[in-house]
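**Q** Quick one: sequence and predicted model below, then my questions.
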Amino acid sequence: MQNSKLQCKIQNLKAGDDILFNGVIYTARDQAHKRLVEAIKKREKLPIPIKGAVIYYCGPTKTAPGKTIGSCGPTTSSRMDVFTPILLEAGLGVMIGKGSRSKEVVEAIKKYRAVYFLTYAGCGALLSKCVKSAKPVAYEDLGPEAIYKLEVEDFPLIVGIDTKGNDIYRSL
């Protein structure tokens, strides 16, 4: 699924559906989220295009010689919950991570018609094989927590929370 087509298609996805994603994903963890939200509050230009963007809660490990990226598994999504409603209001379309989300985030996902995807935890080395290119694009001083732009192919995702607020964790 390409990013340009993603926004149209996410409305039809249901919690529990699985897809293989092809397109652009931006990595961002706690400190990058904090800086993005601070920039939004100050009405500053963001270092990435947030409208309809896909953010992956990931901090890749060091890249081995000859590889595109190091291990790039998901981090616990609830750590970003304090920042998520503001990013969704700013236009963020998709989040990727692991674990459940707060009630406030579920309501914001529903309100802004976004989607929260899960990917496979403990499989960072395997997921790295889906990354075709990776480059830091913002907050490089954060090291592995910098924002990276990833071009991915057949990146496996499961709909954790759909645009209607249906939550795989609450329906089990």
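**A** Structure received. If you're wondering where the values come from, they're calculated on a predicted model, not measured in any experiment.

**Q** Which element, helix or strand, includes Arg43?
**A** According to DSSP states H and E, Arg43 maps onto no helix or strand at all.

**Q** so who does it touch?
**A** Taking CB atoms under 8 Å, 6 or more residues apart in numbering, we find Arg43 in contact with no residue. Bear in mind the C-beta positions are built from the backbone N, C-alpha and C, glycine included.

**Q** close enough to count as contact, Val37 and Ile86?
**A** Yes. Between Val37 and Ile86 there is a contact under CB atoms under 8 Å: 5.1 Å.

**Q** mean confidence for stretch 146-158?
**A** Mean pLDDT, stretch 146-158: 97.

**Q** Please work out which residues outside the top helix by length along the chain touch it.
**A** Criterion DSSP state H: the longest helix present in the chain is helix 30-41. If you take CB under 8 Å, 6+ apart as the criterion, helix 30-41 is touched by 28, 45-47, 50, 79-80, 83-84, 86-87, 90, 138-139, 142, 145-147.

**Q** Which of those residues fall within strands?
**A** Among the contacts of helix 30-41, the members found in strands (DSSP state E) are 138, 147.

**Q** Narrow the contacts of helix 30-41 to just the buried residues.
**A** 28, 46, 50, 80, 83-84, 86-87, 90, 138-139, 142, 145-147 (16 or more other CB atoms under 10 Å).

**Q** what ranges do the strands span in the chain?
**A** 18-27, 54-56, 94-97, 115-118, 131-138, 147-161.

**Q** CA atoms only: put the longest one into CSV for me.
**A** Backbone C-alpha positions of strand 147-161 (Å, rounded to 0.1, in the frame of the first residue of the first chain) are rendered in CSV as follows:
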residue,chain,number,x,y,z
ILE,A,147,13.8,11.1,13.1
TYR,A,148,14.7,8.8,10.1
LYS,A,149,12.9,8.7,6.8
LEU,A,150,12.5,5.0,5.8
GLU,A,151,11.4,3.7,2.4
VAL,A,152,9.8,0.3,3.2
GLU,A,153,8.6,-2.6,1.1
ASP,A,154,6.1,-5.2,2.3
PHE,A,155,6.4,-4.0,5.9
PRO,A,156,4.0,-6.2,7.9
LEU,A,157,1.3,-4.4,9.9
ILE,A,158,-1.8,-5.3,11.9
VAL,A,159,-4.6,-2.8,12.5
GLY,A,160,-4.6,-2.2,16.3
ILE,A,161,-7.1,0.6,16.4
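
**Q** What helices and strands are in contact with that strand?
**A** With contacts taken as 3 or more CB pairs under 8 Å, 6 or more residues apart in numbering; DSSP states H and E, strand 147-161 sits against strand 18-27, strand 115-118, strand 131-138.

**Q** Thank you, goodbye.
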